[in-house]
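# only geometry, no sequence info:
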(Lines give C-alpha, C1' and ligand atoms only; values in the text may rest on other atoms or scores of the structure.)
Protein backbone atom coordinates (compact mmCIF):
# COMPACT_ATOMS: atom_id res chain seq x y z
CA UNK A 1 0.00 0.00 0.00
CA UNK A 2 2.90 2.34 0.68
CA UNK A 3 4.10 1.84 -2.89
CA UNK A 4 0.61 2.42 -4.26
CA UNK A 5 0.00 5.50 -2.15
CA UNK A 6 3.38 7.08 -2.92
CA UNK A 7 3.47 10.76 -2.12
CA UNK A 8 -0.32 10.83 -2.04
CA UNK A 9 -2.47 13.92 -2.34
CA UNK A 10 -1.15 16.82 -0.21
CA UNK A 11 -3.32 17.18 2.88
CA UNK A 12 -4.97 13.75 2.58
CA UNK A 13 -4.13 11.01 5.10
CA UNK A 14 -5.01 7.38 4.54
CA UNK A 15 -5.18 4.65 7.14
CA UNK A 16 -6.13 1.01 6.70
CA UNK A 17 -7.39 -1.11 9.59
CA UNK A 18 -7.89 -4.84 9.84
CA UNK A 19 -11.55 -5.30 10.69
CA UNK A 20 -14.44 -2.85 10.88
CA UNK A 21 -13.11 -0.76 13.76
CA UNK A 22 -10.47 1.97 13.71
CA UNK A 23 -8.61 0.72 16.76
CA UNK A 24 -4.85 1.36 16.98
CA UNK A 25 -4.11 -2.37 17.34
CA UNK A 26 -5.83 -3.04 14.01
CA UNK A 27 -3.82 -0.42 12.06
CA UNK A 28 -2.06 -2.00 9.06
CA UNK A 29 -1.08 1.10 7.04
CA UNK A 30 -0.68 4.78 7.86
CA UNK A 31 0.32 7.35 5.24
CA UNK A 32 1.41 9.74 8.01
CA UNK A 33 3.12 7.40 10.50
CA UNK A 34 5.14 10.17 12.09
CA UNK A 35 2.07 12.22 13.02
CA UNK A 36 0.78 11.41 16.49
CA UNK A 37 -2.75 12.63 15.92
CA UNK A 38 -4.59 14.16 12.98
CA UNK A 39 -7.51 16.39 13.80
CA UNK A 40 -9.84 16.47 10.80
CA UNK A 41 -10.40 19.99 9.57
CA UNK A 42 -12.89 19.47 6.81
CA UNK A 43 -13.77 15.82 6.54
CA UNK A 44 -13.26 12.24 7.64
CA UNK A 45 -14.59 9.32 5.62
CA UNK A 46 -14.68 5.56 6.13
CA UNK A 47 -14.86 2.94 3.40
CA UNK A 48 -15.21 -0.80 3.94
CA UNK A 49 -13.82 -3.60 1.79
CA UNK A 50 -15.31 -7.00 2.49
CA UNK A 51 -13.70 -10.36 1.89
CA UNK A 52 -15.15 -13.78 2.61
CA UNK A 53 -15.50 -13.78 6.40
CA UNK A 54 -13.26 -10.72 6.74
CA UNK A 55 -13.22 -6.92 6.27
CA UNK A 56 -10.86 -3.97 6.02
CA UNK A 57 -11.62 -0.38 6.93
CA UNK A 58 -10.17 2.54 4.93
CA UNK A 59 -10.10 5.85 6.81
CA UNK A 60 -9.56 9.02 4.78
CA UNK A 61 -8.73 12.18 6.72
CA UNK A 62 -8.05 15.81 5.86
CA UNK A 63 -5.07 17.45 7.58
CA UNK A 64 -4.21 21.04 8.49
CA UNK A 65 -2.17 21.19 5.27
CA UNK A 66 -5.35 20.49 3.34
CA UNK A 67 -7.08 23.35 5.14
CA UNK A 68 -4.28 25.74 4.23
CA UNK A 69 -4.33 24.76 0.55
CA UNK A 70 -8.02 24.45 -0.15
CA UNK A 71 -9.95 26.32 2.54
CA UNK A 72 -11.44 28.75 0.01
CA UNK A 73 -12.37 26.27 -2.66
CA UNK A 74 -14.89 23.59 -1.69
CA UNK A 75 -14.95 22.24 -5.23
CA UNK A 76 -11.29 21.37 -5.00
CA UNK A 77 -11.91 19.59 -1.72
CA UNK A 78 -14.61 17.40 -3.23
CA UNK A 79 -12.69 16.72 -6.45
CA UNK A 80 -9.36 15.91 -4.85
CA UNK A 81 -10.79 13.82 -2.01
CA UNK A 82 -13.14 11.93 -4.31
CA UNK A 83 -10.55 11.23 -6.99
CA UNK A 84 -7.92 10.23 -4.45
CA UNK A 85 -10.20 7.82 -2.64
CA UNK A 86 -11.58 6.41 -5.89
CA UNK A 87 -8.09 5.81 -7.26
CA UNK A 88 -6.90 4.10 -4.11
CA UNK A 89 -10.01 1.95 -3.91
CA UNK A 90 -9.74 1.03 -7.58
CA UNK A 91 -6.09 0.05 -7.28
CA UNK A 92 -6.68 -1.88 -4.07
CA UNK A 93 -9.68 -3.65 -5.54
CA UNK A 94 -7.64 -4.59 -8.61
CA UNK A 95 -4.86 -5.95 -6.40
CA UNK A 96 -7.33 -8.02 -4.42
CA UNK A 97 -9.30 -9.20 -7.45
CA UNK A 98 -6.24 -10.26 -9.41
CA UNK A 99 -4.13 -11.36 -6.48
CA UNK A 100 -5.31 -14.95 -6.61
CA UNK A 101 -4.81 -15.15 -10.38
CA UNK A 102 -1.33 -13.64 -10.15
CA UNK A 103 -0.41 -15.92 -7.26
CA UNK A 104 -1.69 -18.92 -9.22
CA UNK A 105 0.30 -17.85 -12.30
CA UNK A 106 3.44 -17.45 -10.21
CA UNK A 107 2.88 -20.84 -8.59
CA UNK A 108 2.51 -22.39 -12.04
CA UNK A 109 5.73 -20.73 -13.19
CA UNK A 110 7.60 -21.96 -10.12
CA UNK A 111 6.22 -25.46 -10.58
CA UNK A 112 7.27 -25.42 -14.22
CA UNK A 113 10.77 -24.23 -13.29
CA UNK A 114 11.10 -26.97 -10.67
CA UNK A 115 9.86 -29.61 -13.10
CA UNK A 116 12.31 -28.43 -15.79
CA UNK A 117 15.14 -28.42 -13.25
CA UNK A 118 14.20 -31.94 -12.18
CA UNK A 119 14.13 -33.07 -15.82
CA UNK A 120 17.59 -31.57 -16.40
CA UNK A 121 18.98 -33.31 -13.33
CA UNK A 122 17.43 -36.62 -14.37
CA UNK A 123 18.82 -36.25 -17.91
CA UNK A 124 22.30 -35.51 -16.55
CA UNK A 125 22.15 -38.58 -14.30
CA UNK A 126 21.04 -40.92 -17.11
CA UNK A 127 22.87 -39.63 -20.20
CA UNK A 128 26.41 -39.24 -21.45
CA UNK A 129 27.37 -35.54 -21.29
CA UNK A 130 29.23 -35.56 -24.64
CA UNK A 131 26.94 -37.50 -26.97
CA UNK A 132 23.72 -37.16 -24.91
CA UNK A 133 23.18 -40.88 -25.42
CA UNK A 134 21.81 -43.04 -22.60
CA UNK A 135 24.56 -44.09 -20.20
CA UNK A 136 25.19 -47.54 -18.80
CA UNK A 137 22.58 -47.23 -16.02
CA UNK A 138 19.73 -46.11 -18.28
CA UNK A 139 20.66 -48.68 -20.92
CA UNK A 140 20.57 -51.43 -18.31
CA UNK A 141 17.02 -50.43 -17.36
CA UNK A 142 15.90 -50.42 -20.99
CA UNK A 143 17.58 -53.77 -21.66
CA UNK A 144 15.84 -55.44 -18.73
CA UNK A 145 12.48 -54.00 -19.78
CA UNK A 146 12.98 -55.13 -23.40
CA UNK A 147 13.93 -58.68 -22.36
CA UNK A 148 10.91 -58.86 -20.07
CA UNK A 149 8.62 -57.94 -22.99
CA UNK A 150 10.38 -60.37 -25.32
CA UNK A 151 10.07 -63.14 -22.74
CA UNK A 152 6.38 -62.40 -22.25
CA UNK A 153 5.68 -62.31 -26.01
CA UNK A 154 8.01 -65.22 -26.85
CA UNK A 155 9.83 -62.86 -29.21
CA UNK A 156 13.44 -62.16 -30.04
CA UNK A 157 15.74 -59.23 -29.19
CA UNK A 158 19.25 -58.29 -30.23
CA UNK A 159 22.19 -56.75 -28.39
CA UNK A 160 25.29 -55.38 -30.11
CA UNK A 161 28.59 -54.19 -28.69
CA UNK A 162 30.27 -51.67 -31.01
CA UNK A 163 33.92 -50.74 -30.47
CA UNK A 164 35.50 -48.03 -32.65
CA UNK A 165 38.72 -49.27 -34.22
CA UNK A 166 41.73 -46.92 -34.49
CA UNK A 167 40.09 -44.26 -32.33
CA UNK A 168 42.93 -43.99 -29.80
CA UNK A 169 45.55 -43.09 -32.46
CA UNK A 170 43.24 -40.30 -33.67
CA UNK A 171 42.85 -39.03 -30.12
CA UNK A 172 46.61 -39.14 -29.52
CA UNK A 173 47.50 -37.48 -32.83
CA UNK A 174 44.95 -34.66 -32.94
CA UNK A 175 43.92 -34.14 -29.32
CA UNK A 176 40.84 -34.78 -27.24
CA UNK A 177 38.82 -31.98 -28.84
CA UNK A 178 39.04 -33.62 -32.27
CA UNK A 179 38.40 -36.99 -30.64
CA UNK A 180 35.24 -35.67 -29.00
CA UNK A 181 33.99 -34.25 -32.31
CA UNK A 182 34.68 -37.61 -33.92
CA UNK A 183 32.65 -39.42 -31.26
CA UNK A 184 29.71 -37.05 -31.80
CA UNK A 185 29.88 -37.53 -35.57
CA UNK A 186 30.09 -41.32 -35.20
CA UNK A 187 27.10 -41.22 -32.86
CA UNK A 188 25.02 -39.41 -35.48
CA UNK A 189 25.91 -41.98 -38.15
CA UNK A 190 24.96 -44.88 -35.91
CA UNK A 191 21.68 -43.26 -34.94
CA UNK A 192 20.81 -42.88 -38.60
CA UNK A 193 21.15 -46.64 -39.00
CA UNK A 194 18.62 -47.47 -36.27
CA UNK A 195 14.88 -47.49 -35.87
CA UNK A 196 13.15 -45.15 -33.46
CA UNK A 197 12.41 -48.05 -31.12
CA UNK A 198 16.08 -49.09 -30.94
CA UNK A 199 18.45 -47.75 -28.27
CA UNK A 200 22.03 -46.58 -28.78
CA UNK A 201 24.08 -45.97 -25.63
CA UNK A 202 27.65 -45.05 -24.81
CA UNK A 203 29.18 -47.27 -22.13
CA UNK A 204 32.86 -46.34 -22.42
CA UNK A 205 35.34 -44.05 -24.14
CA UNK A 206 34.87 -45.50 -27.62
CA UNK A 207 32.46 -48.32 -26.75
CA UNK A 208 28.78 -48.29 -27.63
CA UNK A 209 25.92 -50.75 -27.26
CA UNK A 210 22.82 -51.12 -29.40
CA UNK A 211 19.56 -52.67 -28.24
CA UNK A 212 17.20 -54.06 -30.87
CA UNK A 213 14.07 -54.81 -28.82
CA UNK A 214 12.06 -56.35 -31.68
CA UNK A 215 13.66 -58.73 -34.18
CA UNK A 216 12.30 -61.84 -35.86
CA UNK A 217 15.56 -63.52 -36.89
CA UNK A 218 19.27 -63.06 -36.40
CA UNK A 219 19.44 -61.75 -39.96
CA UNK A 220 17.56 -58.66 -38.77
CA UNK A 221 20.41 -57.95 -36.34
CA UNK A 222 23.01 -58.76 -39.00
CA UNK A 223 21.44 -56.22 -41.37
CA UNK A 224 21.55 -53.43 -38.77
CA UNK A 225 25.11 -54.28 -37.70
CA UNK A 226 26.34 -54.30 -41.30
CA UNK A 227 24.69 -50.94 -41.90
CA UNK A 228 26.50 -49.48 -38.88
CA UNK A 229 29.83 -51.02 -39.88
CA UNK A 230 29.59 -49.69 -43.43
CA UNK A 231 28.58 -46.22 -42.26
CA UNK A 232 31.45 -45.91 -39.80
CA UNK A 233 33.99 -47.12 -42.39
CA UNK A 234 33.41 -44.01 -44.50
CA UNK A 235 35.94 -41.17 -43.92
CA UNK A 236 35.15 -38.43 -41.40
CA UNK A 237 36.06 -34.79 -41.97
CA UNK A 238 36.65 -33.30 -38.51
CA UNK A 239 38.17 -29.81 -38.15
CA UNK A 240 39.68 -30.09 -41.64
CA UNK A 241 41.19 -33.47 -40.80
CA UNK A 242 40.26 -36.53 -42.87
CA UNK A 243 39.94 -39.33 -40.32
CA UNK A 244 39.42 -43.04 -40.90
CA UNK A 245 38.06 -45.47 -38.31
CA UNK A 246 36.12 -48.70 -38.40
CA UNK A 247 33.98 -50.77 -36.04
CA UNK A 248 34.25 -54.21 -34.46
CA UNK A 249 30.77 -55.43 -33.62
CA UNK A 250 29.72 -58.35 -31.42
CA UNK A 251 26.10 -59.53 -31.60
CA UNK A 252 24.07 -61.49 -29.07
CA UNK A 253 20.52 -62.75 -29.69
CA UNK A 254 17.92 -63.30 -27.00
CA UNK A 255 17.20 -66.01 -25.94
CA UNK A 256 19.69 -67.92 -28.10
CA UNK A 257 22.82 -66.39 -26.53
CA UNK A 258 21.46 -65.44 -23.14
CA UNK A 259 18.18 -65.73 -21.27
CA UNK A 260 18.89 -62.71 -19.04
CA UNK A 261 20.60 -59.36 -19.34
CA UNK A 262 23.86 -60.39 -17.64
CA UNK A 263 24.39 -63.47 -19.81
CA UNK A 264 23.40 -61.67 -23.01
CA UNK A 265 25.77 -58.77 -22.30
CA UNK A 266 28.67 -61.14 -21.68
CA UNK A 267 27.92 -63.06 -24.88
CA UNK A 268 27.82 -59.89 -27.04
CA UNK A 269 30.92 -58.44 -25.35
CA UNK A 270 32.91 -61.64 -25.93
CA UNK A 271 31.82 -61.64 -29.56
CA UNK A 272 33.03 -58.06 -29.98
CA UNK A 273 36.50 -58.98 -28.69
CA UNK A 274 36.59 -61.94 -31.07
CA UNK A 275 35.81 -59.51 -33.92
CA UNK A 276 38.77 -57.35 -32.90
CA UNK A 277 41.07 -60.37 -32.59
CA UNK A 278 39.98 -61.54 -36.06
CA UNK A 279 41.24 -58.33 -37.69
CA UNK A 280 38.65 -55.65 -36.80
CA UNK A 281 36.16 -53.94 -39.10
CA UNK A 282 33.80 -56.91 -38.95
CA UNK A 283 30.82 -58.30 -37.07
CA UNK A 284 30.76 -61.56 -35.15
CA UNK A 285 27.81 -63.41 -33.56
CA UNK A 286 28.11 -64.76 -30.06
CA UNK A 287 28.13 -68.34 -31.34
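Here it is on my side, so go on. Model, not experiment: these values are computed from the prediction.

# just the strands in the stretch 101-250 of the chain please.
Taking DSSP state E, counting those that start in this stretch as the test, the strands found in the stretch 101-250 of the chain are 156-165, 199-202, 207-215, 236-238, 241-243, 246-254.

# and these as JSON lines, adding mean neighbour count and distance to residue 229?
Placement of C-beta: from N, CA and C, glycine included. Formatted as JSON lines, the strands of the stretch 101-250 of the chain follow (neighbours: other CB atoms under 10 Å; distance: least, CB to CB, whole Å):
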{"stretch": "strand 156-165", "mean neighbour count": "24", "distance to residue 229": "9"}
{"stretch": "strand 199-202", "mean neighbour count": "21", "distance to residue 229": "14"}
{"stretch": "strand 207-215", "mean neighbour count": "21", "distance to residue 229": "12"}
{"stretch": "strand 236-238", "mean neighbour count": "15", "distance to residue 229": "15"}
{"stretch": "strand 241-243", "mean neighbour count": "14", "distance to residue 229": "17"}
{"stretch": "strand 246-254", "mean neighbour count": "26", "distance to residue 229": "5"}
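
# how about these, which one is nearest residue 173?
Residue 173 lies closest, by CB to CB, to one member of those: strand 241-243, at 8.8 Å.

# where in the stretch 1-150 of the chain is pLDDT low?
Within the stretch 1-150 of the chain, the stretches with pLDDT under 70 are 1-10, 34-43, 51-53, 66-100, 102-103.

# can you pull out the helices in it?
Under the criterion DSSP state H, counting those that start in this stretch, the stretch 1-150 of the chain carries helices at the ranges 2-5, 64-70, 74-126, 136-153.

# show me what the last one is packed against.
Going back to what we said before, that points to helix 136-153. In terms of contacts (3 or more CB pairs under 8 Å, 6 or more residues apart in numbering; DSSP states H and E), helix 136-153 is packed against helix 74-126, strand 156-165, strand 199-202, strand 207-215, helix 261-277.

# quick check: pLDDT value at residue 204.
Looking at residue 204, its pLDDT is 91.

# look up how far residue 184 lies from the residue nearest to residue 133 when sequence neighbours are not counted.
Nearest residue to residue 133 in three dimensions, chain neighbours excluded: residue 202, at 4.6 Å (CB to CB, 6 or more residues apart in numbering). Between residue 202 and residue 184 the computed distance is 10 Å (CB to CB, to the nearest Å).

# common neighbours of the two, please.
Common neighbours of residue 202 and residue 184, using CB atoms under 8 Å, 6 or more residues apart in numbering, are 130-131.

# related to what we said a few turns ago, the residue nearest to residue 133 bridge partners, please.
Here residue 202 shows beta-bridge partners residue 208, assigned using DSSP bridges.

# hang on, isn't it packed against residue 208?
Yes: in this structure, residue 202 is within contact of residue 208 by CB atoms under 8 Å, at 5.5 Å.

# spatially central residue in the protein, please.
residue 116 (1.9 Å; CA atoms, centre = their mean).

# return the distance of it relative to residue 125.
Residue 116 is 15 Å from residue 125, by CB to CB.

# how about residue 13?
Residue 13 is 59 Å from residue 125, by CB to CB.

# more neighbours: which of those two?
Neighbour totals were compared for residue 13 and residue 125, and residue 13 leads with 20 against 10 (other CB atoms under 10 Å).

# quick check: beta-bridge partners of that one?
residue 61.

# for residue 63, find the nearest of the strands of the stretch 101-250 of the chain.
strand 199-202 (75.6 Å).
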